[in-house]
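In: Sequence and predicted structure are below.
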Amino acid sequence: MAAVDYKEAVAVVVKEYFDSLDHNEVARSLRELQKPLYHYYFVKCVVKTAMDRGDKEKEMAAQLLSALLCDDVLEPGQVSKGFVQLLETAQDQKLDVPETPQILALFLVRASVDDILPHAFLKVCAGSLPDDVARSIVKEAISHLTRPDVADWILHVWGSTKGRTVEEAKAFISDLVAAYIAGGTSEDVRAGLHQLALPFFHHEFVKHSLVLAATSPPEAAKLMQLLKDLTDSRDLSSSQVTKGLTRVEETLYDKYDADEADAKYQELLKHARTHKLLLEPAEEEQEEEAVPESPSYCPPHTEAEIALFKAESERIVREYFASASLADAATSVTDLLERASGREGEGDRTQLLRHLVKRAVTVALDHTVREKEFAAQLLSALYPQVLTSAHIAEGFMDLCAAADDLALDIVDAHHEVALFLARAVVDDVLAPADLWALKRALKGTAKVVTDTAEVLLGARHAAERILRVWGGAEVGTVGWAKAAFKVMLAEYVASEDIVEARRCLREVNMPHFHHEVVKQALCLAVESDDAVDPVFSLLKAFAGSMEISSSELAKGFARMNEAVDDLSLDVPGAPAKYVAIKTRAQAEQLLAWMHARLRTPQAGCVSCASADAARLVWGAVMVAPATDFDAAVPAGHHPTYCPASQSYQALSAADALGAMWA
């Protein structure tokens with residue numbers, strides 16, 4: 001399923017949820033879509049849809065996200081990514097919903113209290129988001145979270161406690177625990193918590209259970225086991241358990257004198273550790289110092305293996321730049337990985353794939369905008385089936401570290417790498433948090449790259465600009481080349497800067513389409529008398545340096561012959577003006593190359609022993625249709641080495657070119 005299809009399906013699921021209130025149906029629908037890596041868009045869609053509706057829908061959206069996370073339908077990383085995208089697009093969303101900053105800040109508070117966003121999320125965003133609107137939203141959310149009664153306050157924001165006050169919620173929890181002690185089951189308690197539908201208030205349930213365990217020792221073991229079961233099933237989050245323990249301590253010190261309260265609290269901690277609700281102190285230290293191990297250890301590749309992978313990666317990238325076939329490039333990369341990674345393992349792949357990312361970018365840096373756009377599209381196409389965000393981040397880490405060395409050959413290497421980095425963020429193959437992590441890890445001049453990327457991403461309409469900095473998805477197409485040539489010619493007529501014109505011609509890098517430059521230049525000369533002299537100087541410069549080949553120059557004149565009648569509808573007298581331009585082209589020997597080729601005998605063609613013989617051949621093929629070339633070449637003239645046949649093969653319409661000389 002493509003991303004577009006997923007978005008359409010998700011929009012329908014969200015709309016139906018707001019009508020039915022059935023989060024189980026939403027969970028089933030998301031599982032059927034089988035696109036967990038796109039779930040960040042679901043988060044974004046739910047919140048954006050709720051923003052434009054009433055308080056009821058906002059509360060329903062918050063409860064849905066919490067329920068789906070508890071049911072393991074959503075992953076925390078996808079929830080975080082969804083909220084990051086909401087923050088990044090908040091400025092545009094504000095045009096449709098002016099209250100976007102205030103509403104999104106409340107959603108962030110609710111997500112933090114519900115434990116569907118990590119506690120460090122807001123702090124990370126505050127330091128990494130380039131947009132002023134986004135930063136102000138995060139600051140407002142952080143300000144709300146500093147309220148001492150934030151959990152109780154959030155209950156009333158969108159009417160989530162309509163019909164049930166905080167005291168009534170506490171009474172419900174008290175009755176639920178009492179029923180369990182009287183002989184209920186953990187399933188009854190679980191059903192009661194779902195009915196309560198206040199996951200951010202679960203710390204009250206933990207506090208009430210622990211206080212009862214401290215004051216009624218015979219029930220302590222049973223209550224501790226209940227909390228353990230609910231924690232294992234994720235009905236209670238670890239942060240809510242920790243918060244409940246903290247509030248228990250406060251309650252005990254309010255009920256008993258200091259010594260007795262301390263004794264009861266220490267006894268509770270002992271029970272909590274026995275039932276694995278808390279780690280032992282020694283285990284906590286080990287957990288902090290432990291280094292996560294890979295699922296399966298893979299020995300590192302040798303230097304020879306890595307060198308071979310680099311060479312093969314570069315070959316694939318260069319072939320892709322030449323063929324423009326994204327599918328073939330992706331297949332080649334997959335095949336290369338299968339050959340190079342005989343030992344399966346994530347660490348093994350990371351060691352190799354970081355070099356693929358670096359190679360794709362460094363090869364593109366030494367080429368034109370076409371190749372740079374192709375490289376960005378390649379990284380996006382390989383994500384996430386081949387490349388993960390970790391692979392791409394490692395590759396950019398290497399690129400940033402090598403930026404100073406790259407600058408020795410490519411003057412603006414720092415800026416170009418920053419553009420690739422910003423493009424990766426816009427294409428969603430790197431999260432803004434990854435950019436922030438890169439910035440923290442890099443030192444010295446390497447940080448210039450990440451700083452520049454942050455500036456680029458912080459500009460107004462940054463996403464649109466970055467997507468089109470190298471021409472966008474249309475790069476390499478005929479339409480894109482025509483537009484680029486049109487801009488180049490307009491700028492040259494205004495400035496007559498031949499250096500800039502040559503740079504633009506090289507950037508487009510489509511020599512087989514240079515006849516379009518000639519045709520557009522001639523059209524410009526016909527339309528405006530002021531453009532005639534600049535057009536001639538430009539074409540003579542390109543022809544003299546062979547930047548536009550002789551055959552492309554001839555094709556351009558031939559195409560103009562065909563187009564001049566249509567041009568006369570908009571430019572009165574266009575045919576007469578074009579005749580004058582052709583006369584000047586002959587007088588200034590703009591196409592002198594043709595005469596030179598026909599005057600030069602070619603050793604490979606025995607019959608072309610003289611210029612006169614060559615001209616006879618040329619006269620024969622000039623009047624023949626393109627499909628009858630073999631019949632048009634007189635007997636005895638070599639179809640490959642004859643200068644006339646060479647010229648003819650280079651042209652798409654010999655009869656049109658012959659008309660030019662008439």
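Out: Perfect, I can see it now.
In: for stretch 168-188, which positions count as buried?
Out: 169, 172-173, 176-177, 180, 184, 186 (16 or more other CB atoms under 10 Å). Where C-beta positions appear, they are placed from N, C-alpha and C, glycine not excepted.
In: Next one: residue 428, what pLDDT does it get?
Out: pLDDT for residue 428: 80.
In: I should have written residue 133 there, sorry.
Out: The score at residue 133 is 85. That number is its pLDDT.
In: now swap in residue 367 and tell me
Out: 86.
In: Show me the shaky parts of the stretch 51-200 of the chain.
Out: 119, 130, 152, 155, 159-167, 197-200 (pLDDT under 70).
In: now the helices for it?
Out: For the stretch 51-200 of the chain, helices defined by DSSP state H, counting those that start in this stretch occupy the ranges 55-70, 76-88, 90-96, 100-113, 121-128, 132-145, 150-154, 166-181, 186-196.
In: Select, out of those, the one closest to residue 386.
Out: Checking these against residue 386 by CB to CB gives helix 76-88 as the closest, at 18.7 Å.
In: Span of stretch 47-56 from start to end?
Out: 13 Å (CA to CA, to the nearest Å).
In: now swap in stretch 147-156 and tell me
Out: 14 Å.
In: what's the spacing between the one residue sitting closest to the centre of the chain and residue 387?
Out: When CA atoms, centre = their mean is applied to the chain, the residue found nearest the centroid is residue 427 (1.1 Å). Distance from residue 427 to residue 387, counting by CB to CB, to the nearest Å: 11 Å.
In: How about residue 30?
Out: With CB to CB as the criterion, residue 30 and residue 387 are 24 Å apart.
In: And the two? Which one has more around it.
Out: In this view residue 30 and residue 387 are compared by other CB atoms under 10 Å, and residue 387 has more residues nearby, 24 against 21.
In: Contacts only, for that one.
Out: 353, 356-357, 379, 429 (CB atoms under 8 Å, 6 or more residues apart in numbering).
In: Tell me which entries of these lie within helices.
Out: 353, 356-357, 379 (DSSP state H).
In: Reformat these into CSV and put pLDDT next to each item.
Out: Formatted as CSV, the ones in helices among the contacts of residue 387 follow (pLDDT from 0 to 100):
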residue, pLDDT
353, 87
356, 91
357, 92
379, 90
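In: Can I have the buried ones of these as a ChimeraX selection?
Out: To isolate in ChimeraX the members of the ones in helices among the contacts of residue 387 that are buried, counting by 16+ other CB under 10 Å, one can use:
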select :353,356,357,379
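In: Pick the one among the ones in helices among the contacts of residue 387 closest to residue 150.
Out: Nearest member of the ones in helices among the contacts of residue 387 to residue 150, counting by CB to CB, is residue 379, at 40.9 Å.
In: Now residue 121: closest residue in space, sequence neighbours ignored.
Out: The shortest distance from residue 121 to any non-neighbouring residue, by CB to CB, 6 or more residues apart in numbering, is to residue 80 (5.9 Å).
In: for residue 186, same thing?
Out: Nearest to residue 186 is residue 229, by CB to CB, 6+ apart, at 4.8 Å.
In: Just give me the neighbour total for that neighbour.
Out: 17.
In: Would you mind measuring from it to residue 236?
Out: 9 Å.
In: Show me which helix or strand of the chain is least confident by mean pLDDT.
Out: The helix or strand of the chain with the poorest confidence is helix 654-660; it has a mean of 38 (mean pLDDT, DSSP states H and E).
In: Now the common contact residues for residue 427 and residue 387.
Out: In contact with both residue 427 and residue 387: residue 379, using CB under 8 Å, 6+ apart.
In: Render the CA-only coordinates of stretch 544-552 in PDB, please.
Out: The C-alpha trace of stretch 544-552 is given here as PDB (Å, rounded to 0.1, in the frame of the first residue of the first chain):
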ATOM      1  CA  GLY A 544      32.300  27.700 -30.200                       C
ATOM      2  CA  SER A 545      33.000  25.800 -27.000                       C
ATOM      3  CA  MET A 546      31.100  22.800 -28.200                       C
ATOM      4  CA  GLU A 547      28.900  23.000 -25.100                       C
ATOM      5  CA  ILE A 548      26.000  22.700 -27.600                       C
ATOM      6  CA  SER A 549      27.000  20.200 -30.300                       C
ATOM      7  CA  SER A 550      26.600  20.800 -34.000                       C
ATOM      8  CA  SER A 551      23.800  18.400 -34.400                       C
ATOM      9  CA  GLU A 552      21.800  19.900 -31.500                       C
END
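In: Quick one: residues contacting residue 245.
Out: 206-207, 210, 268-269, 272, 278.
In: From residue 236, how far off is it?
Out: 12 Å.
In: Please enumerate the shared neighbours of these two.
Out: By CB under 8 Å, 6+ apart, the residues touching both residue 245 and residue 236 are residue 206.
In: Would you mind giving both backbone torsions of residue 35?
Out: phi -130, psi 60 (degrees, to the nearest 10).
In: what's the burial count for it?
Out: Each residue near residue 35 was counted by other CB under 10 Å, and the total is 17.
In: do residue 490 as well
Out: 13.
In: which residues does the nearest residue to residue 431 once chain neighbours are set aside contact?
Out: Nearest non-adjacent residue to residue 431, counting by CB to CB, 6+ apart: residue 81, 5.7 Å away. Taking CB under 8 Å, 6+ apart as the contact definition, residue 81 lies against 40, 43, 428, 431.
In: Show me those that map onto helices.
Out: Those of the contacts of residue 81 lying in helices (DSSP H): 40, 43.
In: of the contacts of residue 81, closest to residue 534?
Out: Once CB to CB is applied, the member of the contacts of residue 81 that ends up nearest residue 534 is residue 428, at 43.9 Å.
In: how far away is that closest one from residue 38?
Out: On the measure of CB to CB, residue 428 and residue 38 end up 10 Å apart.
In: Then residue 112?
Out: Relative to residue 38, and taking CB to CB, residue 112 is found at 24 Å.
In: quick one: which of the two has more around it?
Out: Neighbours per residue, other CB under 10 Å: of residue 112 and residue 38, the larger number sits with residue 112, 22 against 19.
In: Now for the more buried one: which residues touch it?
Out: By CB under 8 Å, 6+ apart, the residues touching residue 112 are 119, 121-122, 141, 145.
In: tell me the two of the residues you listed that are most distant?
Out: Distance extremes for the contacts of residue 112: the farthest pair is 119 and 141 at 12.2 Å, using CB to CB.
In: Give me the more crowded residue out of those two.
Out: Higher neighbour count among residue 119 and residue 141: residue 141, with 25 against 10, using other CB under 10 Å.
In: Quick check: that one touching residue 108?
Out: Yes: in this structure residue 141 lies within contact range of residue 108 using CB atoms under 8 Å: 3.9 Å.
In: joint contacts of these two?
Out: The contact sets of residue 141 and residue 108 overlap at residue 122 (CB under 8 Å, 6+ apart).
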